[in-house]
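K.L.:
Pasting a predicted model and its sequence here:
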Amino acid sequence: MNAPMETARTYEIRTYGCQMNVHDSERLAGLLEDAGYVRAEDTEPDVVVFNTCAVRENADNRLYGNLGHLRPVKDGRPGMQIAVGGCLAQKDRDAIVKRAPWVDVVFGTHNIGSLPALLERARIRDEAQVEIEESLVTFPSTLPTRRESPYAAWVSISVGCNNTCTFCIVPALRGKERDRRPGEILAEVEALVAEGVLEVTLLGQNVNAYGSGFGALASAPQEVRDMTAGGQSAFAGLLRACGEVDGLERVRFTSPHPRDFTDDVIAAMAETPNVMPSLHMPLQSGADPVLRAMRRSYRQERYLSIIEKVRAAIPDAAITTDIIVGFPGETEADFEQTLHVVREARFSGAFTFQYSKRPGTPAATMDDQVPKEVVQERYERLVALQEEISWEENKKQIGRTVEVLVAEGEGRKDGATRRLSGRARDNRLVHFRVPDEPVRPGDMVTVEVTYAAPHHLVADKPARSVRRTRAGDAWEARQGGGAPKGVSLGMPTIGRPTTPVALEAAASGCSTCG
């Protein structure tokens with residue numbers, strides 16, 4: 001008589017924070033499935049992995065609160081394991097198991113590939129395993145991946161950051177910038193397109209600094225030197241190379257830094273048809289004294305000149321930003337300068353944050369911390385101004401015809417309103433009337449905008465056209481295996497359902513990182 005087959009262990013990944021963490025969680029899921037685990041579906045998982053963020057002040061409280069909720073669950077389920085990774089794990093290390101001794105595994109940002117082995121070692125030895133590396137062991141893109149979307153994908157081009165912003169802990173946790181070779185990036189893009197993907201987002205902590213990780217150009221790989229022939233930056237060359245990938249319809253990137261945002265990048269965006277007319281350009285503050293205190297290597301004039309050049313080259317570009325309110329030493333006059341930039345730049349949207357101390361950052365110990373009530377009042381004024389501008393900018397879209405990449409999980413009320421949702425080329429969220437003919441996530445629908453709200457557009461007239469795509473075919477093929485449901489992040493989602501099973505947005509003040 002044959003022995004019964006052992007049931008595969010199940011997993012759940014809970015992701016906090018920026019797009020880099022979302023992408024890392026796709027890698028973690030791929031690693032676990034490669035090791036024989038299966039995703040938990042409507043059951044209590046055998047393994048829960050927290051992929052953490054260390055940017056916001058309440059990140060610690062959120063993690064330990066969730067760990068506390070899991071303790072009685074684990075006590076009642078022999079063999080259940082809990083793992084903590086990401087930036088907070090890199091920072092707190094073995095302090096996590098001291099504070100929450102029921103945690104089985106702690107791993108950092110540099111060794112996510114170790115997770116399956118650490119889980120097995122913790123199970124065999126029946127003791128917590130804490131393994132933190134000081135530098136990158138394996139570039140994450142070489143690891144197995146479980147992509148959540150068949151039509152849109154993240155592609156990491158670099159990890160780490162060489163900036164020293166005084167409010168940001170990320171460079172200390174992610175390390176110095178390391179870049180992938182262009183050939184590896186383009187090979188991944190081409191492989192994704194072959195699988196049906198229509199849209200890729202190039203991802204890096206400081207994405208447009210790409211190339212700096214290779215050091216001096218004379219010693220860089222030949223393919224990098226070829227890409228920068230004629231004096232263009234490596235990032236501009238990469239954008240143009242993506243434009244030559246047959247079948248790739250949309251290219252986005254996040255997040256750039258104003259310091260490295262050169263004219264050749266703007267030209268590449270304008271001249272490469274599949275690079276989308278959208279740009280997320282972190283401002284953080286509009287006041288030169290505050291930017292200096294933040295160690296942001298640009299000033300208001302430089303920032304506004306970038307916006308002006310982008311608008312001249314790409315008139316229909318939708319530009320979004322990040323802004324921190326209440327940085328130490330910020331005066332009312334400084335805050336007024338931020339409002340001035342918001343009025344001048346006319347962002348289509350902004351991710352606004354109240355400054356919060358992060359232990360280990362220079363800003364945490366600065367004098368002149370702004371009182372909470374002052375920060376709150378300024379924050380409310382900023383949000384009100386940006387809401388007004390966002391609405392005005394969106395109203396300009398009424399009557400325009402836009403092509404929408406149909407998404408899964410973008411519209412929370414789609415069922416009730418009999419609409420579908422997706423992203424236009426400029427990354428605006430569009431809720432549109434269900435077409436008469438069948439349409440799937442990954443297909444393209446052309447619609448006329450009939451209504452505008454500050455954060456979305458509505459198209460309630462019949463669709464002008466529906467284009468069935470290879471991406472839609474790929475989505476449909478997945479349905480036999482139970483496609484995952486999308487979950488919205490408090491970050492730009494670039495027209496896709498976000499990653500893994502459970503996502504808890506801890507919106508980053510540096511937005512990976514910019």
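P.N.:
Happy to help now that I have it. None of the values given here were measured: they were computed from a predicted structure. Numbering: from 1, shown residues only.
K.L.:
what stretches of the protein score poorly on pLDDT?
P.N.:
Applying pLDDT under 70 to the chain flags residues 1-6, 56-57, 137-144, 414, 481-514.
K.L.:
From the chain's centre, how far out is the lengthiest helix in it? Work that out for me.
P.N.:
Looking across the chain with DSSP state H, the single longest helix is helix 372-395. The chain centroid and the centroid of helix 372-395 are separated by 23 Å under CA atoms, centre = their mean, to the nearest Å.
K.L.:
which helices and strands does that helix pack with?
P.N.:
Helices and strands touching helix 372-395, as assessed by 3 or more CB pairs under 8 Å, 6 or more residues apart in numbering; DSSP states H and E, comprise strand 318-325, helix 332-345, strand 349-354, strand 451-453. C-beta here means a position set from N, CA and C on the backbone, and glycine is covered the same way.
K.L.:
Mind exporting the C-alpha coordinates of the first one to PDB?
P.N.:
Extracted C-alpha coordinates of strand 318-325, given in PDB (Å, rounded to 0.1, in the frame of the first residue of the first chain):
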ATOM      1  CA  ALA A 318       0.800  63.800 -16.500                       C
ATOM      2  CA  ILE A 319       3.300  64.700 -13.800                       C
ATOM      3  CA  THR A 320       3.000  63.500 -10.200                       C
ATOM      4  CA  THR A 321       5.200  64.000  -7.200                       C
ATOM      5  CA  ASP A 322       6.000  63.400  -3.500                       C
ATOM      6  CA  ILE A 323       6.000  66.100  -0.900                       C
ATOM      7  CA  ILE A 324       7.000  66.100   2.800                       C
ATOM      8  CA  VAL A 325       5.400  68.600   5.100                       C
END
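K.L.:
Counting by contacts, list what that strand packs against.
P.N.:
strand 278-280, helix 300-313, helix 332-345, strand 349-354, helix 372-395.
K.L.:
mind listing what's buried in it?
P.N.:
Within strand 318-325, the residues scored as buried using 16 or more other CB atoms under 10 Å are 318-325.
K.L.:
so who does Gln90 touch?
P.N.:
Going by CB atoms under 8 Å, 6 or more residues apart in numbering, Gln90 touches 54, 108-110, 132, 173-174.
K.L.:
and it, which of the three is it?
P.N.:
With DSSP: H, G, I helix; E, B strand; the rest coil as the basis, Gln90 sits in helix.
K.L.:
distance of it from Ser135?
P.N.:
Counting by CB to CB, to the nearest Å, the gap from Gln90 to Ser135 is 11 Å.
K.L.:
Same question for Asp75.
P.N.:
37 Å.
K.L.:
rewinding a little: can you pick out the most distant pair from the contacts of Gln90?
P.N.:
Ala54 and His110 (14.2 Å; CB to CB).
K.L.:
out of these two, which sits in the busier spot?
P.N.:
Set side by side, Ala54 and His110 show more neighbours around Ala54, with 28 against 22, by other CB atoms under 10 Å.
K.L.:
among the contacts of Gln90, which ones are buried?
P.N.:
54, 108-110, 132, 173-174.
K.L.:
thinking again about what came up before, take the helices and strands packed on strand 318-325 and write them to a markdown table, including mean neighbour count and distance to Ile13.
P.N.:
Converted to a markdown table, those look like this (neighbours: other CB atoms under 10 Å; distance: least, CB to CB, whole Å):
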| stretch | mean neighbour count | distance to Ile13 |
| --- | --- | --- |
| strand 278-280 | 26 | 25 |
| helix 300-313 | 16 | 36 |
| helix 332-345 | 17 | 36 |
| strand 349-354 | 20 | 23 |
| helix 372-395 | 16 | 32 |
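K.L.:
for the ones you listed, which one sits closest to Asp42?
P.N.:
Checking the helices and strands packed on strand 318-325 against Asp42 by CB to CB gives strand 349-354 as the closest, at 32.8 Å.
K.L.:
Output that closest one as PDB - backbone C-alpha positions only.
P.N.:
C-alpha atoms of strand 349-354 as PDB (Å, rounded to 0.1, in the frame of the first residue of the first chain):
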ATOM      1  CA  GLY A 349      -1.500  64.200  -8.400                       C
ATOM      2  CA  ALA A 350       0.800  64.200  -5.300                       C
ATOM      3  CA  PHE A 351       1.600  61.800  -2.600                       C
ATOM      4  CA  THR A 352       1.800  64.000   0.500                       C
ATOM      5  CA  PHE A 353       3.400  63.000   3.800                       C
ATOM      6  CA  GLN A 354       3.700  64.500   7.200                       C
END
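K.L.:
Give me the residues contacting stretch 371-391.
P.N.:
Outside stretch 371-391, the residues that reach it (CB under 8 Å, 6+ apart) are 323, 325-326, 330, 335, 338-339, 342-343, 346-350, 352, 354-355, 452-455.
K.L.:
Would you map the strands across the stretch 101-250 of the chain?
P.N.:
Along the stretch 101-250 of the chain, counting by DSSP state E, counting those that start in this stretch, strands occupy 105-107, 129-131, 152-156, 158-159, 178-179, 199-203, 250-254.
K.L.:
on that earlier part again, show me whatever sits in contact with both of Gln90 and Ser135.
P.N.:
His110.
K.L.:
just the angle between whichever strand or helix holds Glu403 and strand 152-156, please?
P.N.:
According to DSSP states H and E, Glu403 maps onto strand 401-406. Going by axes from the mean of the first three to the mean of the last three CA atoms, to 10 degrees, strand 401-406 is angled at 80 degrees with respect to strand 152-156.
K.L.:
Show me what secondary structure element comes after strand 401-406.
P.N.:
helix 414-417.
K.L.:
hey, C-alpha coordinates of that next one in CSV?
P.N.:
Taking Å, rounded to 0.1, in the frame of the first residue of the first chain, the C-alpha atoms of helix 414-417 are listed here in CSV:
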residue,chain,number,x,y,z
ASP,A,414,-16.9,48.5,-10.7
GLY,A,415,-19.4,45.8,-9.8
ALA,A,416,-21.9,48.3,-8.4
THR,A,417,-21.4,50.9,-11.2
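K.L.:
okay, the angle between the very next helix or strand once past it and strand 152-156?
P.N.:
Helices and strands here follow DSSP H and E; after helix 414-417, the next one along the chain is strand 419-424. Here strand 419-424 runs at an angle of 30 degrees relative to strand 152-156 (the same axes, to 10 degrees).
K.L.:
Alright, that wraps it up for me.
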